[in-house]
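*Asks:* how would this look folded up:
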Amino acid sequence: MASVHRPDGYPFYFAHFRLPVGKKPDGATIWKQFKRSTGKERPDEAMVEAKRIEREEKKKSTFTEESALEVMHLLQSAGKQAARGLLNQQSAQAFLSKLTEISIGEPLVVYTVEKWFSTWLAGKDKSRSRGTYLRYQGIVDGFLASLPERRKRQPLESLTVGDIEAFRDAEIAAGKSASSVNLAVKTVRSVLKRAVPLGLIKANPADAMDSLPEKRIVKSTFDLPAVRALLTAAEGDWKGAILVGYLTGARLGDVTNLQWSSFDFTGRRLIFTAGKTGQSVELPLHESLKAHFEPLVPRDGKGPVFVTLTGKTAGGRNGLSRQFSALLKKAGIQGKSYEAAGKSGRTRNTLTFHSLRHSFNSALANAGVAQEIRMKLTGHLDAKVNSIYTHTELETLRLAIGKLPEITIQPV
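*Replies:* Numbers count the residues shown, from 1 in each chain. Model prediction:
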């Protein structure tokens, strides 16, 4: 089966495969290695093209009389087993695999439902951020868990719309929100979409699924008094984390996993890798952040900034989101709650740590910062693509950040 590889310094992927070109005196197959440029820069498109190239080369191969006799004997053997009632799915696949090997030099690869979903997921481990991979993993595990054991071991092409519907209904029954259910079905659709151009399935059964109507929850924002109240109620690392969230608009995971090396106090910058995109982020450092964190830097300037929060997940009974909700309650701040639709679902609130990100954007807007500048700050422009902000660009963003209010954390 063809594989693709992109040599260093080349823009395009190359197809690699081998085909039988004859027989040795002892009957062993003689193989020839092929290498062809696909002319494609994306690995998924390159794989589709590699399959096409491989098929074209196979058409040029000669089907010998010896091969024809071998095929005839195989068919006769299969027919005898079928007549005796001994031909089952496993033995039938074995016959087909042997026929395919005679024809194109490689045995037939049959993906079960479980094998294909696991293969797809393994391919995402290196190509996506850790957070995205874990989200995919949860959905794939949930989908496979919704299938009977016997169903998982059946060929991928046996999946039906009914299987996808059963998974969706299980997600709904678990109390998941419409947006979460739609995301789960969308992910399953993506897994199966990848199998279509590879010839593993003829059509994608998930394409027949309609999205559920979503009731969008608009996140509220914190005004400055609320932020000060949160900082007063917070203890330990949460004080600094809230300050960073409000004055940078960074996401919860990016804040709690900050390293001391992320701070450039001389250049007044905060530089880190966004967990959601895997891209490098560079932001001007607000004076309140510089004043609070610079005295706290350890001698070696290394290690996590928030030792008690780093590496922890947002979800779960003791997760970061639950801890932040407790802080809201302690500070006497209350958003609007939406009860879960089922016992396994979660209650959602219009005020979360992510609301600090919205508050950051709102505070900039209220200070008269142009939308284009706000988009750069909240969108976290990739420093690699932008070749790091020029001095002029960084100063423009720094002026925008400077319009945010000074906030001082009182020492305990």
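
*Asks:* is residue 202 in contact with residue 156, as I believe?
*Replies:* No. At 10.9 Å, residue 202 does not count as touching residue 156 under the criterion of Cβ atoms under 8 Å. Glycine gets a C-beta too; all of them are placed from N, C-alpha and C.

*Asks:* could you pull out the strands for the protein?
*Replies:* Here the chain has its strands, by DSSP state E, at 3-5, 14-23, 29-37, 263-264, 269-273, 280-284, 337-338, 348-349.

*Asks:* same question for the fifth one: list its buried residues.
*Replies:* Judged by neighbour count using 16 or more other Cβ atoms under 10 Å, the buried positions of strand 269-273 are 269, 270, 271, 272.

*Asks:* for the residues you listed, which one is nearest residue 134?
*Replies:* residue 272 (19.0 Å; Cβ to Cβ).

*Asks:* quick check: closest non-adjacent residue to the closest one.
*Replies:* Excluding the flanking residues, the one nearest residue 272 by Cβ to Cβ, 6 or more residues apart in numbering is residue 262, at 4.5 Å.

*Asks:* equivalent analysis for residue 189, please.
*Replies:* Residue 189 sits nearest to residue 206 (Cβ to Cβ, 6+ apart), 3.7 Å away.

*Asks:* can you get me a residue count around the one you found?
*Replies:* Around residue 206 there are 22 other residues, counting by other Cβ atoms under 10 Å.

*Asks:* could you measure from it over to residue 409?
*Replies:* 49 Å (Cβ to Cβ, to the nearest Å).

*Asks:* who wins for proximity to residue 186 among the strands of the chain?
*Replies:* Across the strands of the chain, closest to residue 186 is strand 348-349 (Cβ to Cβ), at 19.7 Å.

*Asks:* give me the pLDDT for the residue nearest to residue 272.
*Replies:* Residue 262 is assigned 94 on the pLDDT scale.

*Asks:* all helices of the stretch 101-250 of the chain, in order?
*Replies:* Assigned by DSSP state H, counting those that start in this stretch, the helices in the stretch 101-250 of the chain fall at 113-127, 130-145, 149-152, 161-173, 178-195, 224-233, 237-248.

*Asks:* need those helices in TSV (columns: mean neighbour count).
*Replies:* Formatted as TSV, the helices of the stretch 101-250 of the chain follow (neighbours: other Cβ atoms under 10 Å):
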stretch	mean neighbour count
helix 113-127	16
helix 130-145	16
helix 149-152	12
helix 161-173	17
helix 178-195	19
helix 224-233	17
helix 237-248	24
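
*Asks:* ok, which of these comes nearest residue 351?
*Replies:* The nearest among the helices of the stretch 101-250 of the chain, by Cβ to Cβ, is helix 224-233 at 8.7 Å.

*Asks:* how distant is that closest one from the center of its chain?
*Replies:* 34 Å (Cα atoms, centre = their mean, to the nearest Å).

*Asks:* which secondary structure elements does it contact?
*Replies:* Helix 224-233 sits against helix 237-248, helix 320-331, helix 354-366, with contacts defined as 3 or more Cβ pairs under 8 Å, 6 or more residues apart in numbering; DSSP states H and E.

*Asks:* for residue 117, find the nearest of these.
*Replies:* It's helix 320-331; of those, that one is closest to residue 117 (Cβ to Cβ) at 28.2 Å.

*Asks:* so which other helices or strands are in contact with the closest one?
*Replies:* Right, helix 320-331 is packed against helix 224-233, helix 237-248, helix 252-256 by 3+ Cβ pairs under 8 Å, 6+ apart.

*Asks:* how about low-confidence regions in the stretch 301-412 of the chain?
*Replies:* 337-348, 379-395, 410-412 (pLDDT under 70).

*Asks:* contact partners for residue 351?
*Replies:* 219, 220, 222, 328, 333, 334, 335 (Cβ atoms under 8 Å, 6 or more residues apart in numbering).
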